[in-house]
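Q: 3D model of this:
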Amino acid sequence: MKRFIVGLLMSGLMIPQLWAIIPPFCFNDSHDITSLTSWGPYSKRYAGISHIPDIKKGIRFDFSVMPGYYRNRQLVPHVLFESSYYPWNINPSMNRITYRYELEWKDRVFTDVTYYILDESSTLVGIRCVNNTETYQNLALNQMAYIDYPETQPQVKASGASRLQWYSAIDYTENEPTFKSPQYGLVYDGWHRNEERSSLSLDGSVLGKGFGKDAGDRVSYWIDIPSGMEDGTIGFRYKVEKGKTATLRLKGLTDEVVKFTGTGDFTILPISYHDRKSGEYILELISEGTAEICLDGFFIGTVEDMSKLRITPTAIPFTPMIEVGDKKQDFILKYEDCENFYGVAWNYKESFIREVLNSELESFFRKKTHDHLARKLIGDKQWHYTNAFLRPVVLATHSEQTLYMLVCTGSREKVRQDLELFHSTPEKFVSLAQSQQSVKPEENLLPEGKKYSFGHQLLQAALLSNVVYPVYTQKEYIRHFTPGKNWNSLYTWDLGFIALGMIDVDITKAFECIRAYTTPVGSESAFIHHGTPLPIQIYAYYDLWNNSQSRKVLKFLYPRLKQYFDFMVGNNPNSTTRMKGSGLLRTWDYFYNSGGWDDYPPQQALRSDKSQYPFVTPVVTSAYYLRAAKILRLVAKEMGLKEDIKSYDRIIKNLSKALQTYAWDEESGYFGYVTHDAFGDAKAILRYKDQSNFNKGLDGVTPLAAGICTPEQTDRLVGHLFSPKELWTSSGLSTVDQSAPYYQADGYWNGAVWFPHQWVMWKALLDIGKGEQAYQIAQTALDKWEQECQESYYTFEHFIISSGRGAGWHQFSGLSSPILNWFAAYYKPGKVSTGFEIWIIENHFNTDYSQYRAKISFDDSILPHERCMIVCMNPDHTYEVQFNGRPVKSKSYHTGVVEITLPNSNKTGVLTISALK
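A: Numbering: from 1, shown residues only. This is a model prediction of the structure:
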């Protein structure tokens, strides 16, 4: 018991309210995860540690340890395919990052590389080499330092332009196309309208994507004319297809019709203006529809200055100046595009420094394993790596050895000073790194949870290592969590689940993952959209409140998420989601995937015949946004927003009626896809070729999550969920009913178990008072996850039903994050978990987690009914539970966990849990 309490105190769990302390600087309009440091696992090439010298530039310095056998097998830990490295253990603050490198499976010969981020200027690297075999082993350690650039790093530059003003074409005041596409108010990836990324641009972005094709396409800019430029020139940098001419009418700063002749390449066209006073002007470009134009931007200046302008190609300067220290055990690097210097030092004498001149290492460097004397390994010369080659590292039988390195940055003087300090007193760096060690995770668990701690450790490591820089959105480079390094982009619904997982890892990062996908009210894009447009950010927002009770978070995110919601339910005039007749929702205009389930049978059939997209609605969109409406209604109640409550009530009423009227299929007991006529009026349930409901699967049960089902419907849907002949399997819930004629054993989602919709069903089951079934879902997932992690060390996307084994991306975290929530819900003291209908107004544990008190209210948009919630307490007691002073039903699946069934009521009340004496 004493160790349990000490562990809780040291971990910060004794004061749950502290979870809600999100730093003030995180409340901003950036899409970057601003609580991250300049050091992190941001590489898109090789696993290791990265440093960001300037967040605005998109440039990244990478350092990677690559172990191997001396003059034999060499590992190159590429993040984009399996390469025998594993994110092993990363603490929530991400200042201690450990990767395991398996040289001989399984843990016979391995290297654990730990990056201890000491401060903004330095990282200590601990390299633990382990030999668990009966023979000696000769290892080699190759350390690679290199720089990386954005994918569209400009490879042209303007010379002679110091006196000219430059305006990027995407920095417009207005951009109004003649014909507004569905994406007019929701531009993909958070880019600007008509924005394209190009390395032939001076800034990396151009205005293109069909601009100018239609007569009346219009874009405008605010121009500031300084004194002395009353007469001057506008120098347009543009590209038009060879043989075509784009004609634009210029208004404002100058008024004339201009023909932009196409050469197929970017060119400069100077246009004069005269007799303008200094000050602000509008420059408007209106297309006459003769041809598309790709506009990079324009310069403003005098005729004389414009004549000096030259646009020339420029190579990316990836080769640094290298300064080797006197001991030959360190080097300093200076890259042209970085103001700072980088230094690397190590404490192993048998070493030397090499340069690798090749674009990639995964094949070239492995081929050069036996070229172990050369100081330069020369390949295609398309990139540069500075290599510290430590060899051989001899390990006796059943022994281990730890080496240390220092990676640092700053001025040349500061870097040299740090390297010398490392050589003279390395123990100071090691001591500082060890002082950052936190309590072991198993010390903060209920006893029954320890058997799941390894799988939890690996998933947390994958979650925190799956962060990349640079990702581009909204004219900025950001650090961004991804489902896996394979997906170097924004992913809206995946990041909703990552935010949910982060709630049980680092609540600040959870908040920032939600904020990253929102935009200020009135923004050009209603939110940041990529992929499946389900409202998981709103679900994460709800759980963030129940885990923090932070009114600051509630108020900051609410208008942004309401804007997101309004667009997706058709309240925004630029949205095309709502069917005019039935009122059901469809999002095919924004993405082909309604629920993230790529090969879900009816969705796949529609994708094969896209002409049906305007006429067919899935169930999941309406059902999940119904639940989002109910969540935002709870927020509006908390904030006293009466008019918003009325608006949500209308949406809830209309969507509920539409689903019940048009989508329920009494014959199959599933809700179905609905076909519509040209007026948007519902016609019939979409059926398979044998006339069975085409939606026998998880989409067909999603109204459970919306809380709109009759008791009879609820029984039938829950029956589908737990029937071994239909949706239930030994690995969890099948995406598609196994009895359906379109079920496949070899699909991606069809024939597989995934966790995201299972998490939603788990919440729904708690809401309808079916705690045992909710526990069955969570426990099955945790058992299966732990089994796979112990076997393979991988954190997979999904589980194949026929084998029960994991599959998909091997270091996945996005849609697998619910494992973190289930683990916390049943095994982390101080954790309170609910469905979607319990609103925790305030709550408090005593110091040893033997008492709990909470004031809670309920979603009263639905009739009163029993609901379950889960509270993890001190495992050394049994408990009694009361609501408003009266005993209520409770049960425990193992020591410390209390599952409560709240009474059939929607009245606000006080819940207490007390240890029995």
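Q: so where is the protein shaky, pLDDT-wise?
A: Scanning the chain for pLDDT under 70 picks out 1-20, 437-443.
Q: quick one, strands of the stretch 401-550 of the chain?
A: Taking DSSP state E, counting those that start in this stretch, the strands of the stretch 401-550 of the chain run over residues 467-473, 476-481.
Q: elements contacting the shortest one?
A: Meaning strand 476-481. strand 467-473, helix 492-503 (3 or more CB pairs under 8 Å, 6 or more residues apart in numbering; DSSP states H and E). In this view, the C-beta of every residue, glycine as well, is placed from N, C-alpha and C.
Q: partner strands of the shortest one, parallel or antiparallel?
A: Okay, so that is strand 467-473. strand 476-481 (antiparallel) (DSSP bridges).
Q: How is this structure partitioned into domains?
A: 31-151+317-438, 156-313, 832-915 (automatic domain parsing).
Q: Next, the distance between the ends of the shortest one.
A: With CA to CA, to the nearest Å applied, domain 832-915 spans 17 Å between its terminal residues.
Q: swap in stretch 667-687?
A: Terminal residues of stretch 667-687 are spaced 12 Å apart (CA to CA).
Q: thinking again about what came up before, out of the domains of the chain, nearest to residue 789?
A: domain 31-151+317-438 (10.0 Å; CB to CB).
Q: for the chain, longest helix please?
A: For the chain, the helix reaching the highest residue count under DSSP state H is reported as helix 771-792.
Q: and it, what other elements does it pack with?
A: Right, helix 771-792 is packed against helix 453-465, helix 711-722, strand 732-733, helix 756-767, helix 818-827, strand 867-872, strand 897-902 by 3+ CB pairs under 8 Å, 6+ apart.
Q: between the ones you listed, which one is nearest to residue 502?
A: helix 453-465 (7.3 Å).
Q: Mind giving me the packing neighbours of the closest one?
A: Under the contact criterion of 3+ CB pairs under 8 Å, 6+ apart, helix 453-465 touches strand 85-90, strand 96-104, helix 492-503, helix 771-792, helix 818-827.
Q: 6 Å - rerun?
A: Under the contact criterion of 3 or more CB pairs under 6 Å, 6 or more residues apart in numbering; DSSP states H and E, helix 453-465 touches strand 85-90, helix 771-792.
Q: rewinding a little: in JSON lines, list the strands of the stretch 401-550 of the chain along with distance to residue 154 and mean neighbour count.
A: Shown next, in JSON lines, are those (distance: least, CB to CB, whole Å; neighbours: other CB atoms under 10 Å):
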{"stretch": "strand 467-473", "distance to residue 154": "13", "mean neighbour count": "24"}
{"stretch": "strand 476-481", "distance to residue 154": "13", "mean neighbour count": "23"}
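Q: Redo these as JSON lines? Include distance to residue 283.
A: Formatted as JSON lines, these follow (distance: least, CB to CB, whole Å):
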{"stretch": "strand 467-473", "distance to residue 283": "26"}
{"stretch": "strand 476-481", "distance to residue 283": "24"}
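Q: closest to residue 302 out of the ones you listed?
A: Comparing these by their distance to residue 302 (CB to CB), the top pick is strand 476-481, with 32.1 Å.
Q: Which parts of the stretch 551-700 of the chain are helices?
A: Secondary structure of the stretch 551-700 of the chain (DSSP state H, counting those that start in this stretch): helices at 551-568, 601-608, 620-639, 642-658.
Q: before we move on, back to that, could you dump the helices and strands packed on helix 453-465 into JSON lines with mean neighbour count and distance to residue 118 added?
A: Listed next are these as JSON lines, based on neighbours: other CB atoms under 10 Å; distance: least, CB to CB, whole Å:
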{"stretch": "strand 85-90", "mean neighbour count": "24", "distance to residue 118": "16"}
{"stretch": "helix 771-792", "mean neighbour count": "19", "distance to residue 118": "30"}
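Q: Take the ones you listed and write them to a markdown table, including distance to residue 474.
A: Shown next, in a markdown table, are those (distance: least, CB to CB, whole Å):
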| stretch | distance to residue 474 |
| --- | --- |
| strand 85-90 | 28 |
| helix 771-792 | 35 |
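Q: Which one of the ones you listed lies nearest to residue 394?
A: Using CB to CB as the measure, strand 85-90 is the one of those that comes nearest residue 394, at 22.5 Å.
Q: Figure out which of the strands of the stretch 401-550 of the chain is closest to residue 449.
A: Nearest of those (CB to CB): strand 476-481, 24.9 Å.
Q: and for that closest one, what are the contacting residues?
A: 31, 32, 33, 36, 58, 467, 469, 470, 471, 498 (CB atoms under 6 Å, 6 or more residues apart in numbering).
Q: Could the C-alpha coordinates of that strand be exported in PDB?
A: Listed next in PDB are the C-alpha coordinates belonging to strand 476-481 (Å, rounded to 0.1, in the frame of the first residue of the first chain):
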ATOM      1  CA  GLU A 476       2.700  27.700 -41.400                       C
ATOM      2  CA  TYR A 477       4.900  24.700 -40.700                       C
ATOM      3  CA  ILE A 478       3.800  22.800 -37.700                       C
ATOM      4  CA  ARG A 479       4.700  19.800 -35.500                       C
ATOM      5  CA  HIS A 480       1.900  17.300 -35.800                       C
ATOM      6  CA  PHE A 481       0.900  14.000 -34.400                       C
END
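Q: Let me see the backbone angles for the residue located most distally from the centre of the chain.
A: Distance from the centre of the chain peaks at residue 275, with 51.8 Å (CA atoms, centre = their mean). Backbone torsions of residue 275, given as degrees, to the nearest 10, read phi 50, psi 50.
Q: Could you check how far stretch 237-257 is from the centre of its chain?
A: In terms of CA atoms, centre = their mean, to the nearest Å, the centre of stretch 237-257 is set 40 Å apart from its chain centre.
Q: do the same with stretch 40-47
A: With CA atoms, centre = their mean, you get 15 Å for stretch 40-47.
Q: picking that back up, which two of the contacts of strand 476-481 lie the greatest distance from each other?
A: The widest separation within these (CB to CB) is 22.2 Å, between 58 and 498.
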